[in-house]
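Visitor: Everything below, folded, please.
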Amino acid sequence: MKRMICIMLMVGSLTAICQNNTTDVRPYRLGLKIGAPNAASLEFEYVTPALHNSLALFANYTGANFKVDQVNTSSNIFEIGSNIYFGENREGKGLYGTLSYQNITSNLSIENYEAEDGTIYEGDAKTKVSYNGLNVKIGAKLGRNFFFRTELGYSFGEIPKEIFVEGNFEGEPISETASIESEIDDLPFIFQNGLPIFNIGFGFAF
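Guide: From the prediction side, this is the model:
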């Protein structure tokens, strides 16, 4: 009987502690981020009770279809990771650090493809470009029910230098590995060892 009473008291104490740690926290956050390299992404964040409400898990996703010159692109960007909030308030707001994994995958359809030897094929060629990066960021979240956040950081990963292109032009199949290093060099804010990150966002907590 005494053992049962002790166990009940321990469970009651732990429950009270957890309630005290989460009373002022709205752990679920749904928001929109705008910036680079994600363009615009939806994000969900959950602030766990771990480390006195300073550890949060999040995931965000971007999907977009667009055309530049003769290249039709379908792009998907996925990021998953954790935020560690600093300071003494322990309410999942204020300054935080981020560590996350990011995948960027783009499927491209190229009209009138020009091969490496200069031959132009009338039709569409297909290829895919993928990037995997480890993101390190510093950010700040302001607000309670309605919040604003901003982040600055860097994504460490290898930028692809070649793509595998294949297509079928008037019954003639072609496939080749093509260099895109010059095209990558012409793009701003893209480096061989990764991508800079900057975004602003807003959303609701509940």
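Visitor: State which strand of this structure is the longest.
Guide: The strand that spans the most residues within the chain, counting by DSSP state E, is strand 124-143.
Visitor: now that strand: mean pLDDT?
Guide: Averaged over strand 124-143, pLDDT sits at 94.
Visitor: For that strand, name the packing helices and strands.
Guide: strand 71-85, strand 94-111, strand 146-156, strand 162-169, strand 194-205 (3 or more CB pairs under 8 Å, 6 or more residues apart in numbering; DSSP states H and E). Yep, even glycine has a C-beta here, placed from its N, CA and C like the rest.
Visitor: How about that strand, which residues are buried there?
Guide: Of the residues in strand 124-143, 124-125, 127, 129, 131, 133, 135-137, 139, 141 count as buried by neighbour count, 16 or more other CB atoms under 10 Å.
Visitor: rank the helices and strands packed on strand 124-143 by pLDDT, which is bottom?
Guide: When the mean pLDDT of each of the helices and strands packed on strand 124-143 is compared, strand 162-169 ends up at the bottom with a mean of 83.
Visitor: Residues in a beta bridge with the residue nearest to the spatial centre of the chain, which ones?
Guide: Centre of the chain computed as the mean C-alpha position; nearest residue by CA atoms, centre = their mean is residue 79, 2.9 Å away. For residue 79, the residues forming beta bridges with it (DSSP bridges) are residue 60, residue 102.
Visitor: quick one: it and residue 149, what's the gap?
Guide: Here the criterion is CB to CB, to the nearest Å. By it, residue 79 lies 14 Å from residue 149.
Visitor: And residue 161, by the same measure?
Guide: Relative to residue 149, residue 161 is positioned 34 Å away (CB to CB).
Visitor: Same drill for the two, tell me which one is more crowded.
Guide: Remark: of residue 161 and residue 149, residue 149 carries more neighbours, 22 against 13, as counted by other CB atoms under 10 Å.
Visitor: Name the nearest residue to the more buried one, ignoring sequence neighbours.
Guide: Distances taken as CB to CB, 6 or more residues apart in numbering put residue 141 closest to residue 149, at 4.3 Å, once the chain neighbours are dropped.
Visitor: does the one you found have beta-bridge partners, and which?
Guide: On the basis of DSSP bridges, residue 141 takes part in beta bridges with residue 94, residue 149.
Visitor: going forward, begin numbering at 4 instead of 1
Guide: Shifting the count to begin at 4 puts that one at residue 144.
Visitor: surely it meets residue 203?
Guide: No - using CB atoms under 8 Å, residue 144 and residue 203 do not qualify as a contacting pair, with a distance of 11.3 Å.
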